[in-house]
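Novice: Predicted coordinates and the sequence they were generated for:
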Amino acid sequence: MHALVLFAFAGLALAQYQDENYGPPQPFDFSYTSQDLDGSHSHSQQGDGNGRITGEYAIQLADGRSRTVRYTADENGYRADVITNELGTESKNPADVTIQSSAFTGDQAAYQAASSEFRPVHVRF
């Protein structure tokens, strides 16, 4: 038994980490769109092979709510531009993100939230 344990430890000691060499980044471009009764969502992204990535994803719900995020990630960090009509949002520019909201605010938002037009759609699984 001791010989087996010693043999196992010797095997671990001899095993070496091998760094994977993936080569330089390559340009890429992908996208998809999905649609069903509850709405749709999509995502597209492009990379230039030099570390700059741009993309966009969007959600459009059956009740009319929508959000689109356009983003860039590069040597200057991640920056996003959010366009939405979701209640509870307002146009602001925190950090490196701009938010462009067409949603109602204040009393108007409370009134809209109470209307059936903006009630969530419940899905049974």
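Specialist: That came through, no problem. Numbering: from 1, shown residues only.
Novice: what bridges to the residue nearest the centre of the chain?
Specialist: Nearest to the mean C-alpha position of the chain, by CA atoms, centre = their mean, lies residue 57 at 7.1 Å. Following DSSP bridges, residue 57 is listed with bridge partners residue 43, residue 69.
Novice: That one and residue 68 touch, don't they?
Specialist: Yes. Here residue 57 reaches residue 68: they are 7.5 Å apart, a contact under CB atoms under 8 Å. Where C-beta positions appear, they are placed from N, C-alpha and C, glycine not excepted.
Novice: any chance you could map the strands in the protein?
Specialist: Assigned by DSSP state E, the chain shows strands spanning 28-36, 39-47, 53-61, 66-74, 77-84, 97-101.
Novice: Point out where this structure drops to low pLDDT.
Specialist: Along the chain, segments meeting pLDDT under 70 span 1-15, 96, 106, 109-125.
Novice: again, only this time at 80
Specialist: Residues of the chain meeting the criterion pLDDT under 80: 1-19, 90-98, 103-125.
Novice: Identify the residue spatially nearest to residue 75, adjacent ones excluded.
Specialist: residue 51 (6.4 Å; CB to CB, 6 or more residues apart in numbering).
Novice: hmm, back to that, can you put the strands of the chain in CSV and add distance to residue 91?
Specialist: Listed next are those as CSV, based on distance: least, CB to CB, whole Å:
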stretch, distance to residue 91
strand 28-36, 27
strand 39-47, 23
strand 53-61, 18
strand 66-74, 14
strand 77-84, 10
strand 97-101, 5
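Novice: so how far is residue 42 from the residue nearest to residue 75?
Specialist: Between residue 51 and residue 42 the computed distance is 24 Å (CB to CB, to the nearest Å).
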